[in-house]
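**Q** A predicted structure for the sequence below; I have some questions about it.
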Amino acid sequence: MPSIKFLGKTPRKVLPVFYVLDTSGSMEGERIAALNKAMEETTWALSQQAEKNADALVKIAVLEFNSSCQWVQPEGPEDMEDFIWSDLSAGGMTDVGRALKELDDKLSPDKFLQSDTGVCLPVIIFMTDGYATDNYKKALEQIRKNKWFVHGTKVGFAIGDNPDIAMIADVVGDSAAVIYTEDMEKFASQLKFVTATASQLCSISRTSAEKVTGSSVVERAVAEEVISDEEIPKDVPYTPMSEDLEEFGDDYDSFFDADFSGE
């Protein structure tokens, strides 16, 4: 019988963390610099946390969008131990619909959610400082048919002095899961806290009763005084999405056996 030290690590389900980041022209200057700083600090902290995570293998994928959109990791989510942040630059329009369409396409077991050991519900962080310059509604309607998106943990960041908070709330499906800040220094600490908290909670969540929502992550950030209550938008009109998990039972294994292709 082999020694325990030769048995290797216990297989872990993959926990994908997706960032959908606005790099349009309005982000030029202080905002793109703040975003790059925030992502560098956040991904470093996440890599340190991922090393100690015995429950899930954390992987990261970044989708930047402007007049077009592109993945920083075109081959799919990358292991945190291999990830190195490279600064993004700003320019172009704010094609939110194009980004949602691309995200919808990749949120599939046939594409970015491939794993022999299983995949946890994804963490999705959406950030913009402005208004969509395309018709995002059609793409949002389509991605809301993708159960990986609907049931994932989604948090929105509305930054700067004129973001479309209602649109961001629409995308994440809950105004209580949106953080609005004009303070670019605070943005870095907020993004880092939200990412670390969401990935930690999603790693250990095993039942529908324990499902981690974006609003619950934001509530914890308020409790820890990382964000203030004033930074949670109030009375914002948005279209909520259904997140009923009852059909999958209490065990997430039945959830992952379902067809979540989004088709």
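**A** Nice, thanks for sending it over.

**Q** please compute how far the helix or strand harbouring Leu201 lies from its chain's middle.
**A** Using DSSP states H and E, Leu201 maps to helix 184-204. In terms of Cα atoms, centre = their mean, to the nearest Å, the centre of helix 184-204 is found 10 Å from the chain centre.

**Q** who are the packing partners of that helix?
**A** strand 13-22, helix 30-51, strand 56-65, strand 123-128, strand 153-159, strand 178-181, helix 214-223 (3 or more Cβ pairs under 8 Å, 6 or more residues apart in numbering; DSSP states H and E). Just so you know, the C-beta spots here come from the backbone N, C-alpha and C atoms, and that holds for glycine as well.

**Q** in this structure Gly152 contacts Leu121, no?
**A** Yes. Between Gly152 and Leu121 there is a contact at 5.1 Å, judged by Cβ atoms under 8 Å.

**Q** how far away is Arg31 from Ser89?
**A** To Ser89, Arg31 is 12 Å away according to Cβ to Cβ, to the nearest Å.

**Q** compare these two (neighbour count), which wins?
**A** Arg31 (20 against 11; other Cβ atoms under 10 Å).

**Q** can you pull the pLDDT of that one?
**A** At Arg31, the model reports a pLDDT of 97.

**Q** next: Ser242.
**A** So, for Ser242, pLDDT stands at 72.

**Q** in contact with it, which residues?
**A** By Cβ atoms under 8 Å, 6 or more residues apart in numbering, the contact set of Ser242 is Val150.

**Q** let's see that with 10 Å instead.
**A** Arg144, Val150, His151, Gly173 (Cβ atoms under 10 Å, 6 or more residues apart in numbering).

**Q** returning to what we had before: dump the helices and strands packed on helix 184-204 into CSV; add distance to Leu103 as well.
**A** Shown next, in CSV, are those (distance: least, Cβ to Cβ, whole Å):
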stretch, distance to Leu103
strand 13-22, 6
helix 30-51, 17
strand 56-65, 6
strand 123-128, 8
strand 153-159, 11
strand 178-181, 18
helix 214-223, 15
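
**Q** Lys101: which of these is closest?
**A** Minimum separation from Lys101 across the helices and strands packed on helix 184-204 (Cβ to Cβ) falls at strand 56-65, 10.2 Å.

**Q** rounded mean pLDDT for that closest one, please.
**A** pLDDT averaged over strand 56-65 gives 96.

**Q** which helices and strands sit right next to it?
**A** strand 13-22, helix 30-51, strand 69-71, strand 78-79, helix 96-106, strand 123-128, helix 184-204 (3 or more Cβ pairs under 10 Å, 6 or more residues apart in numbering; DSSP states H and E).

**Q** mean neighbour count, these: which tops it?
**A** strand 123-128 (a mean of 25; mean count of other Cβ atoms under 10 Å).

**Q** starting at the chain centroid, how far to that one?
**A** Distance, centroid of strand 123-128 to centroid of chain: 5 Å (Cα atoms, centre = their mean).

**Q** and if you look at stretch 18-29?
**A** That offset, for stretch 18-29, works out to 15 Å (Cα atoms, centre = their mean).

**Q** list the residues that contact Lys163.
**A** Actually, residue 163 is Pro. It isn't Lys. So Pro163 contacts 22, 26, 127-131, 156-157, 178, 180-182, 233 (Cβ under 10 Å, 6+ apart).
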